[in-house]
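Novice: What follows is a protein structure lacking sequence information:
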């Protein structure tokens, strides 16, 4: 079918099914699935803000308004001065570090637009309860973070009208992707100067790798069936506690063995009756439990 | 193997160690642990039979599974891997992020075959945890500069004609820890923010045609339904090219950590643009410059300026065998293997060097060679038991040649964090051990 014929037949289908929505469904699309989004529905989800201020709601607040709020809702992770607690992001400082070996990219030193800050706090912060701040509170915390970066005065009122005019220090620091920026050549023979190949860096723990190797062997040995049995299973099975079948009691085991090794393994892994999964020792690997089951089977099977 | 008290003691220690949680704050300890895990995988799984130490199941003996019945159908209705493969898991680097909610985990590339990443092992990256979304209550809203703003249910979306494509997805921070110097002695951590799946869904172009875009529309904002409301501005060219609204991955519904019930997929582009848990697409005439395209995911250069909207994941490759997790065990012939990929198109060729980039040999491309997909390569090599510096270098069908660290740093400095696609060097020691190095 040609593309045109195909789309025409879809239009026919939507008409036949009575799905054409008020307006110009035929012109807008070929399928007519879904509902038209109402202005009210869109307003509930349309949260984005652009550098030109598009999307900002009415309102405004000063850093002074935001100080207590920031202390209460943000400082536990980002620090009272935006210095960051632990590995949580630093929000202030870092001016002039972008060319240094360890640049500190913050709202003040790196972000090109203030709108991004309003948008992000509104959409994603506070981290554990996003979208919990009122628009006024977003203006207030945005203003406070800008103030922590010395970008506005303590009594400056940040508003829907003036937010787009805030000049961020690094506003001209970005350029559109112009890669490929590296031109490598596909050389096949004698591509480097003889003797020029030197190791320039290695992970700092490389030297310890050998000492680690011995321990590794120990980690992989636990699938020793008898040892696992002693440690995790014997507590019930050796004495028949809770009517746990005793290994070697062929009468007790023969109907169970008839279920097949696979089923016994699943019982031991997932639990059965009062026996908990893995005998209650969830830290055991599946392989270790399988080895214990094989140990039990070897003691219980009729020779 | 003795069945005495000392083996029990070893066992108990081992069990205790297995149960231990990594100390989140101790980077150094973690690195050691990583080595243990890597080495553990090899000593257990690479030598079949040793797992059941003490039981001799090898010929002429007959193992227990041959003399008994296995478990029945539906024992595991959704299936699970063999317990003997339990070391094949995603892992994370605790000191990278403040917590595990806005964090990342890595695909165990050394353990995978072919080019498809099983859904369970696709690397994870999210900013507010994995939301538990009821698909019946999930909606995709498309609005802005369109003729007819619409709201689609997941079922509505699935009625549109669908398409499937095998494409890689990679976080632009993949290997970001290596920009300044070699740091991680593990393929999983140097390259594991990388996966490749078959993705099924509806082309975004189909939906944009459905709503009708207005004349000056140039960008589409994609936004997630998770707590971070992850948002990225996508240029209209990409939206009308191969961007896909995905609901299935490797034949099954998307996994929750991959964006269930629907996500955006921008083939070949940095993973964060493929917004998960997609709830909204807004068409506009300008970019939004949100946090994830200003503060993050911009590439800072040595001169202090930063590249923005650097979407494409350029041509890259890595040797997956041998690697730190998969050392060599004895001298002799091996098939050296690896993966290559390019966000610009198909892999054209891959060369492998064993002497640190002095001389190169062309490798074979194996199996499917698809655009913007992982491509597997292989090359037979006789190891004489001596040291080697193993590298791979990929070329894509635009002619772009994967660069060295030196070339990349000359162009960008070493503060870029993102888009590191430099040639990886694995140092093979005479013991067969493999470590991560950077060389001149």
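Specialist: All right, it came through fine. In this text the structure is predicted, and so the values were computed from the model without any measurement. Numbers count the residues shown, from 1 in each chain, chains lettered A, B, ... in the order given.
Novice: Surely residue A:140 touches residue A:66?
Specialist: Yes - shown here, residue A:140 and residue A:66 form a contact pair, counting by Cβ atoms under 8 Å, at 3.4 Å. To be clear about C-beta, it is placed using only N, CA and C from the backbone, and glycine gets the same treatment.
Novice: how about residue B:158, secondary structure?
Specialist: helix (DSSP: H, G, I helix; E, B strand; the rest coil).
Novice: Contacts only, for the spatially closest residue to it that is not a sequence neighbour.
Specialist: Distances taken as Cβ to Cβ, 6 or more residues apart in numbering or on different chains place residue B:247 nearest to residue B:158, at 6.4 Å, with adjacent residues excluded. Applying Cβ atoms under 8 Å, 6 or more residues apart in numbering or on different chains, one finds that residue B:247 lies in contact with B:154, B:157, B:158, B:200, B:201, B:253, B:254, B:261, B:262.
Novice: These in helices, which ones?
Specialist: Among the contacts of residue B:247, the residues falling in helices (DSSP state H) are B:154, B:157, B:158.
Novice: Specify the beta-bridge partners of the spatially closest residue to residue B:355 that is not a sequence neighbour.
Specialist: Spatial nearest neighbour of residue B:355, chain neighbours left out: residue B:389 (6.1 Å); criterion: Cβ to Cβ, 6+ apart. For residue B:389, the beta-bridge partners under DSSP bridges are residue B:355, residue B:427.
Novice: Now chain B against chain A: closest residue?
Specialist: residue B:69 (2.8 Å; Cβ to the nearest Cβ).
Novice: where does that residue land in three-state SS?
Specialist: coil.
Novice: Count the neighbours of it for me.
Specialist: 14 (other Cβ atoms under 10 Å in any protein chain shown).
Novice: List the contacts of it.
Specialist: A:259, A:260, A:261, A:262, A:263.
Novice: related to what we said a few turns ago, the residue nearest to residue B:158 is in what secondary structure piece?
Specialist: strand B:244-249 (DSSP states H and E).
Novice: In that strand, which residues are buried?
Specialist: Neighbour counts using 16 or more other Cβ atoms under 10 Å in any protein chain shown place B:244, B:245, B:246, B:247, B:248, B:249 of strand B:244-249 among the buried residues.
Novice: and if you look at stretch B:399-411?
Specialist: In stretch B:399-411, counting by 16+ other Cβ under 10 Å, buried: B:400, B:401, B:402, B:403, B:404, B:405, B:407, B:408, B:409, B:411.
Novice: Okay, domains of chain A per the record?
Specialist: With domains defined by automatic domain parsing, chain A comprises A:3-45, A:60-165, A:225-300.
Novice: Same list (those) but as a markdown table, adding mean neighbour count.
Specialist: Output for these, formatted as a markdown table (neighbours: other Cβ atoms under 10 Å in any protein chain shown):
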| stretch | mean neighbour count |
| --- | --- |
| domain A:3-45 | 14 |
| domain A:60-165 | 19 |
| domain A:225-300 | 18 |
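Novice: Rebuild those domains as JSON lines, extending it with distance to chain B.
Specialist: What follows is the domains of chain A, written out as JSON lines (distance: least, Cβ to the nearest Cβ, whole Å):
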{"stretch": "domain A:3-45", "distance to chain B": "3"}
{"stretch": "domain A:60-165", "distance to chain B": "4"}
{"stretch": "domain A:225-300", "distance to chain B": "3"}
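Novice: now these as TSV including mean pLDDT?
Specialist: TSV is the format used below for those (pLDDT from 0 to 100):
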stretch	mean pLDDT
domain A:3-45	64
domain A:60-165	97
domain A:225-300	93
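Novice: Which one of the ones you listed lies nearest to residue B:272?
Specialist: domain A:60-165 (13.8 Å; Cβ to Cβ).
Novice: gap between the closest one and the chain center?
Specialist: 23 Å (Cα atoms, centre = their mean, to the nearest Å).
Novice: what's the straight distance from one end of that domain to the other?
Specialist: End-to-end span of domain A:60-165 (Cα to Cα, to the nearest Å): 14 Å.
Novice: about what we covered before: so which of the buried residues of stretch B:399-411 are also by chain A?
Specialist: Near chain A, judged by Cβ under 8 Å from any Cβ of the partner chain, the entries from those are B:400, B:401, B:402, B:403, B:404, B:407, B:408, B:411.
Novice: and the fourth one, which of the three is it?
Specialist: What that stands for is residue B:403. Strictly by three-state DSSP, residue B:403 counts as coil.
Novice: Equivalent analysis for the last one, please.
Specialist: Three states are possible here, and by three-state DSSP the one that applies to residue B:411 is helix.
Novice: what residues are up against it?
Specialist: A:181, A:182 are the contacts of residue B:411 under Cβ under 8 Å, 6+ apart.
Novice: distance of residue B:211 from residue B:413?
Specialist: The gap separating residue B:211 from residue B:413 is 43 Å, by Cβ to Cβ, to the nearest Å.
Novice: more neighbours, these two?
Specialist: residue B:211 (24 against 19).
Novice: close enough to count as contact, the more buried one and residue B:147?
Specialist: Yes - Residue B:211 is within contact range of residue B:147, at 6.4 Å (criterion: Cβ under 8 Å).
Novice: Nearest the geometric middle of the chain, what residue?
Specialist: The chain I'm using is chain A. Closest to where the C-alpha atoms of chain A average out (Cα atoms, centre = their mean) is residue A:127, at 13.0 Å.
Novice: oops, chain B please
Specialist: Residue closest to chain B centre, computed by Cα atoms, centre = their mean, is residue B:194 at 1.8 Å.
Novice: out of everything not next to it in sequence, what's closest to it?
Specialist: The spatially closest residue to residue B:194, leaving aside those adjacent along the chain, is residue B:170, at 4.5 Å (Cβ to Cβ, 6+ apart).
Novice: Okay, the one you found and residue B:65: tell me how far apart.
Specialist: 40 Å.
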